[in-house]
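Visitor: Give me the fold of what follows.
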Amino acid sequence: MSLSGTRIEVMRYVGETIDASIDQFLKPIEKYWQPADLLPDTTNESFLDEVKLLRESCRELSYDYIAVLVGDTITEEALPTYESWLMDMEGIDQGNPASSWTRWIRSWTAEENRHGDLLNKFLYLSGRVNMHAMEVSTQYLISDGFDIGTGRDPYRNFVYTSFQELATNISHRRTATLAKQAGCNQLSKICGVIASDEMRHHKAYKEFVTKIFEVDPSEMMLALEDMMRKKIVMPAHFLRETGVKLGETFAHFSDAAQRLGVYTTMDYIEIAELLLQDWKIDSVNGLNDKAQRARDYLMALPARLRRVADRTKIPALEYPFSWIAA
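Guide: Alright, predicted model coming up:
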């Protein structure tokens, strides 16, 4: 099948399957977990005892681990930026609340909203975090927004979300494993359930790209090439603290994640490689000459990135984050 019109027509075509995507990739609200299910219950007489046990379980978490968990929390809490960005895509009729894409974005946002809420409450109870400093960084990140190079183009946006949702899945899975190793089983479960959400979301956005490749292969290939040439930046790439330049804190957060092995340069490369395989980039048909050249670039990219990664050194020193309590 081929659609020769605009991206709006392609979005309309893909949007015809959104109702099924909501059922497949998102969970029913009444039947799924909420943050309160994974935290001490304030209505129980044992609440304070449970909080004491929670705080004790967090004592063995390393400095870098707390820094990464705070950075992950701030990233999740900048959700207003992500929803407004998706709602602004070409082909989204946000003035029509019954439209398929509007329903998807709002339902996805509602599911994502629990992540920051849950992690924030856990960190508050842990006693390991300067909550005021963390909240300042969250407000800065929402205020500063982000510039991820997609514009209003749904093709580029869906490349980004396909990549980023898998990256967050990896990060949360790794923090879950490290928490369990440190004896913090409650936090391990929290990170694990969030990771599960992120994987389902990744599969949804990846499926949207697959459908676009079916009807507009050349333009989808060019959009993918453009995003990979720019490099997929993380949604918190403007992360900062009081008195720190825009994005400077993110660099230190990223270093901590690399030291922990939570999210590394090799993970970035392996995600890129996996997406090329899942979208069967090597065998996409119907490409024009420009898109053929884009495919050649993409197929050679993982090897090129690995050569660069071999020369990358991770700073060994811990940065004094304002978020971490003395």
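Visitor: From C184, how far out is the residue nearest to S46 when sequence neighbours are not counted?
Guide: Excluding the flanking residues, the one nearest S46 by CB to CB, 6 or more residues apart in numbering is P40, at 8.0 Å. From N, CA and C alone the C-beta is placed, and that goes for glycine too. From P40 across to C184, the span is 14 Å (CB to CB, to the nearest Å).
Visitor: between these two, which one's more packed in?
Guide: C184 (24 against 20; other CB atoms under 10 Å).
Visitor: Now the more buried one, what are its backbone angles?
Guide: phi -100, psi 80 (degrees, to the nearest 10).
Visitor: repeat for V129
Guide: Dihedral pair for V129: phi -130, psi 140, per degrees, to the nearest 10.
Visitor: Tell me the bridge partners for it.
Guide: Applying DSSP bridges to V129 yields these beta-bridge partners: I324.
Visitor: Tell me the confidence at it?
Guide: You'll see V129 listed with a pLDDT of 98.
Visitor: now the one 10 residues further on
Guide: pLDDT for Q139: 97.
Visitor: do the same with L3
Guide: For L3, the predicted pLDDT is 43.
Visitor: Check the one 4 residues further on too.
Guide: Reading off the confidence values, R7 has pLDDT 90.
Visitor: my read: it touches R152, true?
Guide: No: between R7 and R152 there is no contact under CB atoms under 8 Å: 9.3 Å.
Visitor: For the two, list the residues in contact with both.
Guide: Applying CB atoms under 8 Å, 6 or more residues apart in numbering, one finds that R7 and R152 are jointly contacted by E90.
Visitor: neighbour count winner among the two?
Guide: Set R7 next to R152 and count neighbours by other CB under 10 Å: R7 wins out with 20 against 13.
Visitor: separation between that one and E90?
Guide: Shown here: R7 relative to E90, a distance of 5 Å by CB to CB.
Visitor: what is in contact with those two at once?
Guide: With CB under 8 Å, 6+ apart, R7 and E90 have common neighbours 153-154.
Visitor: Now do the same contact list for the residue nearest to S46.
Guide: Residues in contact with P40 (CB under 8 Å, 6+ apart) are 46-47, 50-51, 54, 125.
Visitor: what is the rounded mean pLDDT of the helix or strand encompassing S188?
Guide: In this assignment (DSSP states H and E), S188 forms part of helix 185-215. If you average the pLDDT over helix 185-215, you get 97.
Visitor: next one: it to chain centre, how far?
Guide: 9 Å (CA atoms, centre = their mean, to the nearest Å).
Visitor: Adjust the sequence numbering to begin at 31 for everything that follows.
Guide: Yep, numbering from 31; the last one is helix 215-245 now.
Visitor: Okay, buried residues for it please.
Guide: 216-218, 220-245 (16 or more other CB atoms under 10 Å).
Visitor: same thing with stretch 254-263?
Guide: With burial defined by 16+ other CB under 10 Å, the residues of stretch 254-263 counted as buried are 254-258, 262-263.
Visitor: Mind putting the residues you listed into a markdown table with distance to K343 and pLDDT?
Guide: Putting the buried residues of stretch 254-263 into a markdown table (distance: CB to CB, whole Å; pLDDT from 0 to 100) gives the following:
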| residue | distance to K343 | pLDDT |
| --- | --- | --- |
| L254 | 30 | 98 |
| E255 | 29 | 98 |
| D256 | 29 | 98 |
| M257 | 26 | 98 |
| M258 | 24 | 98 |
| I262 | 22 | 96 |
| V263 | 21 | 95 |
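Visitor: just curious, which of those is nearest to A286?
Guide: Nearest to A286 among these: V263, at 17.4 Å, using CB to CB.
Visitor: I'd assumed I178 was in contact with the closest one.
Guide: Yes: judged on CB under 8 Å, V263 makes contact with I178 at a distance of 5.6 Å.
Visitor: Any idea how many residues pack against E86?
Guide: With other CB under 10 Å as criterion, E86 counts 12.
Visitor: Outside of the helix or strand that contains it itself, list whatever touches it.
Guide: Using DSSP H and E, E86 falls within helix 77-87. Contact with helix 77-87 is made by 70-71, 74, 152, 155-157, 213-217, as judged by CB under 8 Å, 6+ apart.
Visitor: how big is the angle separating the helix or strand just after that helix from helix 215-245?
Guide: Next along the chain after helix 77-87, taking DSSP H and E as the criterion, comes helix 93-107. Interaxial angle, helix 93-107 versus helix 215-245 (axes from the mean of the first three to the mean of the last three CA atoms, to 10 degrees): 50 degrees.
Visitor: Buried by neighbour count: which residues of helix 93-107 qualify?
Guide: Buried, per 16+ other CB under 10 Å, within helix 93-107: 94-107.
Visitor: Check stretch 328-337 too.
Guide: 328, 331-332, 335.
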